[in-house]
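Undergrad: The amino acid sequence is not available; the structure is as follows:
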């Protein structure tokens, strides 16, 4: 018995309908076409049919038994999509569709009334609207409210739980905005094109290269700033590595990232697949990377003992930022003198601080007799920064001044150095009570040992020994927030405790906050379940002389079926048992 494949029908739907016309179970039918004769198919294998059927079934047997062509088999599954974007020889190992394909049915009741098929598009997670009937797709049975796993389906348009027809319910009338509908129409059309596309395949590098070119507004020279400003899904660095072919492990551009980016850039997938990228843009991607340039740089401070020596600048871990309207990237610090650097938009090394410029001024004129307003005018700096400059050069034995002459306190110096390894901020050190004045703090701040400790801590995760007093403080704050029914998270706890989220992390108390957050969520969940249980009891009491229907119970109360299924399945069983016993009593009284 031959059967035609419906318009956009999935291969899974086709086999379900075919087995039903044969009067047999779908697994029995698939046993006649399976690829590996040694293994018996089971329900869990049904989800593999639409993904990549050739990993489960023998293509020649499919065509012989069903009369379908190879093109139809590929078009009714994700095989064409996988072939287009997957470099692996094994299509079933492709991860470009990871978390895109639904394992539970979403459907449009109106579509099922006119065609007893499940379109392949209903399996795609980003498509949640029927653009024909302008309805949101239902994600559970309209009769019993149960979600329907594909592996449980044995007949199209019939719920495997209550056996009612899915088409006999009213479709979702949720209001859909024009923007949402426009997006759904775009995704539907582009997915339909991909499912039917049989043109040339793209390598991972070609896919990433074309996507970068589109994000670059089709300009011939790569401009990172333009791409970062788009805030596209996916990591720019990952795209660059894919395009350059520098990834150690083969990884593809995920299809969801690709399509969301194309939608944002108003580019149809049809145009993407035939896009030609200029060689000039390709060449610009392969220019020396910022990391390679960094290895070739040296400290530019004339007083530094490592002046001009390549390899003495240490990356701090900060890759991109904007300061005073200027884009800076790849922060570095000199291991010897502590001067800080970064690359500007032209990939030129610039000092992030103000010591080099100040040095040039101090070497050409005497400022000892100048007033503070005069000094500020000459340096172009505020008074506090000038004081730091003077303290720094005094410690570097470059320009000694009377203001910072004094003895170094060995105890305070050791404590200062230890503070970096403990994750204590400079702001906190600045206000230690032991400092006689601000000048004494600066004298120690720019000591060579402190600078070295500061450099070593740059870009490194700071570890702080547990402070028992601080821990008790955070713990009591969490208990207070639970009592006051305020959401527990790092910002709220920090605000209530009069500290900062960074300090909480540095003092290893973020896990403690997480523990109390879980306790709060658990308590709130239990309270919500308890209220639902009370509402259920009240509903049964109010309908003591009537027959109880589960659907009416959910409609008349605030009981959330999906919530209970996830967190309190025992309560669903209790409801069902109560309903059976109640209706049995009603039936006994009536008879």
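TA: Arrived safely. Small disclaimer: the values here were computed from a predicted structure and weren't measured. Residues are numbered from 1 along each chain as shown.

Undergrad: which stretches of this structure have low pLDDT?
TA: 1-2, 87-89, 171-172, 231-234, 246-250, 286-292, 319-320, 401-406, 458-467, 591 (pLDDT under 70).

Undergrad: and the longest helix for it?
TA: helix 510-542 (DSSP state H).

Undergrad: Which residues belonging to that one are considered buried?
TA: 510, 512-513, 516-517, 520, 528-529, 532-533, 536, 539-540 (16 or more other C-beta atoms under 10 Å). Placement of C-beta: from N, CA and C, glycine included.

Undergrad: ok, of those residues, which one's closest to residue 113?
TA: Distances from residue 113 to the buried residues of helix 510-542, taken as C-beta to C-beta, are shortest for residue 539 (32.7 Å).

Undergrad: any idea how far the closest one lies from residue 318?
TA: Residue 539 sits 58 Å away from residue 318 when distances are taken as C-beta to C-beta, to the nearest Å.

Undergrad: you'd agree residue 328 is in a strand?
TA: Yes: assessed with DSSP: H, G, I helix; E, B strand; the rest coil, residue 328 lies in a strand.

Undergrad: Helices of the stretch 401-550 of the chain, residue ranges please.
TA: Ranges of helices within the stretch 401-550 of the chain are 410-421, 426-430, 438-445, 448-457, 468-483, 490-497, 501-506, 510-542, 550-556, based on DSSP state H, counting those that start in this stretch.

Undergrad: can you check the stretch 101-250 of the chain too?
TA: According to DSSP H, counting those that start in this stretch, the helices that the stretch 101-250 of the chain contains are 109-114, 178-196, 204-215, 224-230, 236-244.

Undergrad: now for these, which one comes closest to residue 419?
TA: Minimum separation from residue 419 across the helices of the stretch 101-250 of the chain (C-beta to C-beta) falls at helix 236-244, 33.0 Å.

Undergrad: Helix 204-215 and that closest one, what's the angle between them?
TA: 130 degrees (axes from the mean of the first three to the mean of the last three C-alpha atoms, to 10 degrees).

Undergrad: what about the following helix or strand past helix 236-244, distance to the chain center?
TA: Of the helices and strands lying after helix 236-244 in sequence (DSSP states H and E), the nearest is helix 255-264. Averaged C-alpha coordinates place helix 255-264 at 14 Å from its chain's average position (C-alpha atoms, centre = their mean, to the nearest Å).

Undergrad: got the angle for helix 255-264 vs helix 236-244?
TA: Between helix 255-264 and helix 236-244, the angle comes out at 100 degrees (the same axes, to 10 degrees).

Undergrad: what angle do helix 255-264 and helix 178-196 make?
TA: Inter-element angle recorded for helix 255-264 and helix 178-196: 130 degrees (by the same axes, to 10 degrees).

Undergrad: tell me which residues in helix 255-264 are buried?
TA: Judged by neighbour count (16+ other C-beta under 10 Å), helix 255-264 contains these buried residues: 255, 256, 257, 258, 259, 260, 261, 262, 263.

Undergrad: Next SSE downstream of it?
TA: Sequence-wise, the next helix or strand downstream of helix 255-264 (DSSP H and E) is helix 269-273.

Undergrad: Can you give me the buried ones in that next one?
TA: Under the neighbour-count rule (16+ other C-beta under 10 Å), helix 269-273 has 269, 272, 273 buried.

Undergrad: Next, format those as JSON lines and append distance to residue 574.
TA: Output for the buried residues of helix 269-273, formatted as JSON lines (distance: C-beta to C-beta, whole Å):
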{"residue": "269", "distance to residue 574": "49"}
{"residue": "272", "distance to residue 574": "53"}
{"residue": "273", "distance to residue 574": "54"}
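
Undergrad: For stretch 582-589, what is the distance to the chain centroid?
TA: On the basis of C-alpha atoms, centre = their mean, stretch 582-589 is displaced by 53 Å from the centre of the chain it belongs to.

Undergrad: So what touches that stretch?
TA: For stretch 582-589, the surrounding residues in contact (C-beta atoms under 8 Å, 6 or more residues apart in numbering) are 540, 544, 545, 546, 547, 548.

Undergrad: Mind giving me the PyMOL command for buried ones among the residues you listed?
TA: Buried members of those can be picked out in PyMOL with the line below, counting by 16+ other C-beta under 10 Å:
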select buried, resi 540+548
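
Undergrad: tell me the contacts of the residue lying closest to residue 209 once chain neighbours are set aside?
TA: If you skip the residues right next to it in sequence, residue 209 has residue 243 as its closest partner in space, 4.4 Å away by C-beta to C-beta, 6 or more residues apart in numbering. Residue 243 makes contact with 205, 208, 209, 212, 285, according to C-beta under 8 Å, 6+ apart.

Undergrad: try residue 230
TA: For residue 230, the residues meeting the contact criterion (C-beta under 8 Å, 6+ apart) are 215, 261, 264, 265.

Undergrad: how about CSV for the residues you listed, with distance to residue 373 added?
TA: Output for those, formatted as CSV (distance: C-beta to C-beta, whole Å):
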residue, distance to residue 373
215, 49
261, 53
264, 52
265, 53
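
Undergrad: Name the nearest of those residues relative to residue 408.
TA: Within the contacts of residue 230, proximity to residue 408 (C-beta to C-beta) peaks at residue 215, which comes in at 53.4 Å.

Undergrad: quick one: residue 95 and residue 13, what's the gap?
TA: Relative to residue 13, residue 95 is positioned 25 Å away (criterion: C-beta to C-beta).

Undergrad: quick one: which of these two has more around it?
TA: Neighbours per residue (other C-beta atoms under 10 Å) separate residue 95 from residue 13, with residue 13 holding more: 26 against 13.

Undergrad: What strand or helix carries the more buried one?
TA: When the helices and strands are read off by DSSP H and E, the one containing residue 13 is helix 11-22.

Undergrad: tell me what that helix is packed against?
TA: Contacts of helix 11-22 with other secondary structure elements, assessed using 3 or more C-beta pairs under 8 Å, 6 or more residues apart in numbering; DSSP states H and E, are made with helix 26-31, helix 47-51.

Undergrad: what sits up against that helix?
TA: 1, 3, 5-6, 25-26, 28-30, 46, 49-50, 53, 66, 68, 73, 76-77, 116-120, 150, 153-156.

Undergrad: next one: stretch 538-557
TA: Contact partners of stretch 538-557, identified using C-beta under 8 Å, 6+ apart, comprise 143-145, 532, 535-536, 559, 561, 575-576, 578-579, 582-583, 586.

Undergrad: Name only those of these that count as buried.
TA: Burial by neighbour count, 16+ other C-beta under 10 Å: within those this picks out 143, 144, 145, 532, 536, 559, 561, 575, 578, 579, 582, 586.

Undergrad: ok, so of the buried residues of helix 269-273, who is nearest residue 86?
TA: Minimum separation from residue 86 among the buried residues of helix 269-273 (C-beta to C-beta) is found for residue 273, which lies at 14.4 Å.

Undergrad: next one: phi and psi at the nearest residue in space to the closest one that is not next to it in sequence?
TA: On the basis of C-beta to C-beta, 6+ apart, the spatially nearest residue to residue 273 that is not a chain neighbour turns out to be residue 199, at 6.3 Å. Listed backbone geometry of residue 199 is phi -80, psi -160, with angles given as degrees, to the nearest 10.

Undergrad: and residue 199, what is it in contact with?
TA: For residue 199, the contacting residues are 84, 273, 274, taking C-beta under 8 Å, 6+ apart as the criterion.

Undergrad: and what of residue 122?
TA: Counting by C-beta under 8 Å, 6+ apart, residue 122 touches 10, 102, 105, 106, 107, 108, 137.

Undergrad: Just name the closest of these to residue 387, please.
TA: Proximity to residue 387 was ranked across the contacts of residue 122 by C-beta to C-beta; first place goes to residue 102, at 63.6 Å.

Undergrad: Run a quick neighbour tally on the closest one.
TA: By the measure other C-beta under 10 Å, the count of residues near residue 102 is 18.

Undergrad: Now for the closest residue to it other than its chain neighbours: which residues touch it?
TA: Ranked by C-beta to C-beta, 6+ apart and with sequence neighbours excluded, the top spatial neighbour of residue 102 is residue 123, at 5.1 Å. Applying C-beta under 8 Å, 6+ apart, one finds that residue 123 lies in contact with 10, 50, 101, 102, 150.
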